[in-house]
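**Q** Sequence first, then the predicted structure:
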Amino acid sequence: SNNIVVAIDGYSSCGKSTLAKALAKKLHFIYVDSGAMYRAVTLYFIRNNVDLQNNEQIATALKNIHLNFHSRDYQTHITLNDEDVSDEIRQMHVADKVSPVSAIHDVRVAMVKQQQRLGKSKNIVMDGRDIGTVVFPHAQVKFFMTADPKVRAERRYNELLPTNPNITLEEVFDNLAHRDYQDTTRKESPLTRAEDAIILDNTDLSQEEQLLFALSHIE
Ligand code: C5P
């Protein structure tokens, strides 16, 4: 097939989804948030007390999980067994558990399969941790995003504050640092830059500047 895949990987809260949505809108591509899929699986595991050491429980859970995307204006809505969980998956109780769940082999196999299916025939922008390395190693364009950890924590804190008035900057900073550590050091598909990925450090860049930078590499 001759569809185009733009892969965006990078650390937590680097603005991957903001850039991916802007690119998708500009290019009329479909945006796929792979992190939302791991978050929805994590929510299901929490709700059903799935034991992360128990492969049988994990296999059964994965069989019972049905994820779907509904995109309105590139704001991704994800459903877990027909329930819209888009807001709940952003909460800290999910963020705290998502990295260990994402490190499980069978979880990754199931998610990667669905992600590859989504990118088979359509032009897409997908963001995550292993999109350019594992999911679409032959993606036509790859970006690897990074930014100062303090700047990232502040951005995420400001995003969460309106709906979580008790949240602290320290708590957000620690969650990001802990997730980055787990995501980069895990055995299964660790977060790493694909050799052919373009580095985008957005510590001092506006959203508009990032979009222009990315577009200049896509043409
Ligand atoms: O992108 P987001 O921060 O929503 O991702 C949440 C978590 O899901 C990450 O910290 C990582 O553990 C996991 N993830 C992953 N592979 C992806 C996308 C996300 O392991 N492709």
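**A** Received, thanks.

**Q** Indicate each strand paired with the helix or strand of the chain with the lowest mean pLDDT and its parallel or antiparallel sense.
**A** Counting by mean pLDDT, DSSP states H and E, the chain has its least confident helix or strand at strand 67-72, which shows a mean of 87. Here strand 67-72 is paired, per DSSP bridges, with strand 75-80 (antiparallel).

**Q** near the ligand at all, the partner strand?
**A** No. Counting by CB under 6 Å from any ligand atom, the ligand has no neighbours in strand 75-80; the shortest distance is 10.4 Å. All C-beta spots, glycine's among them, are computed from the backbone N, C-alpha and C.

**Q** Show me how far whatever helix or strand comes next after that strand is from its chain's centre.
**A** Next along the chain after strand 75-80, taking DSSP states H and E as the criterion, comes strand 83-84. Relative to its chain's centre, strand 83-84 lies at 18 Å (CA atoms, centre = their mean, to the nearest Å).

**Q** Ok, stretch 132-141 next?
**A** In terms of CA atoms, centre = their mean, the centre of stretch 132-141 is set 15 Å apart from its chain centre.

**Q** residues from the chain in reach of the ligand?
**A** 12, 34-35, 38-39, 98-99, 102, 128-131, 179, 183.

**Q** from the residues you listed, which single one is nearest residue 110?
**A** residue 38 (10.4 Å; CB to CB).

**Q** That closest one should be in a helix, yeah?
**A** Yes. Per DSSP: H, G, I helix; E, B strand; the rest coil, residue 38 lies within a helix segment.

**Q** Run a quick neighbour tally on the nearest residue to it once chain neighbours are set aside.
**A** Among residues not flanking residue 38 along the chain, residue 102 sits closest, at 4.6 Å (CB to CB, 6 or more residues apart in numbering). By the measure other CB atoms under 10 Å, the count of residues near residue 102 is 26.

**Q** what sits against residue 102?
**A** 38, 42, 108, 129, 183, 186 (CB atoms under 8 Å, 6 or more residues apart in numbering).

**Q** re the thing from before, please, a ChimeraX command that selects the buried ones among the residues of the chain next to the ligand?
**A** Selection of buried members from the residues of the chain next to the ligand for ChimeraX, criterion 16 or more other CB atoms under 10 Å:
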select :12,34,35,38,39,98,99,102,128,129,130,131,179,183
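
**Q** Assess the claim that residue 112 and residue 136 are in contact.
**A** No. Residue 112 lies out of contact with residue 136 (CB atoms under 8 Å); the separation is 9.8 Å.

**Q** Do you have the helices of the protein handy? List them.
**A** Along the chain, the segments classed as helices by DSSP state H run 16-27, 34-47, 55-64, 92-95, 98-102, 105-118, 149-160, 169-185, 207-216.
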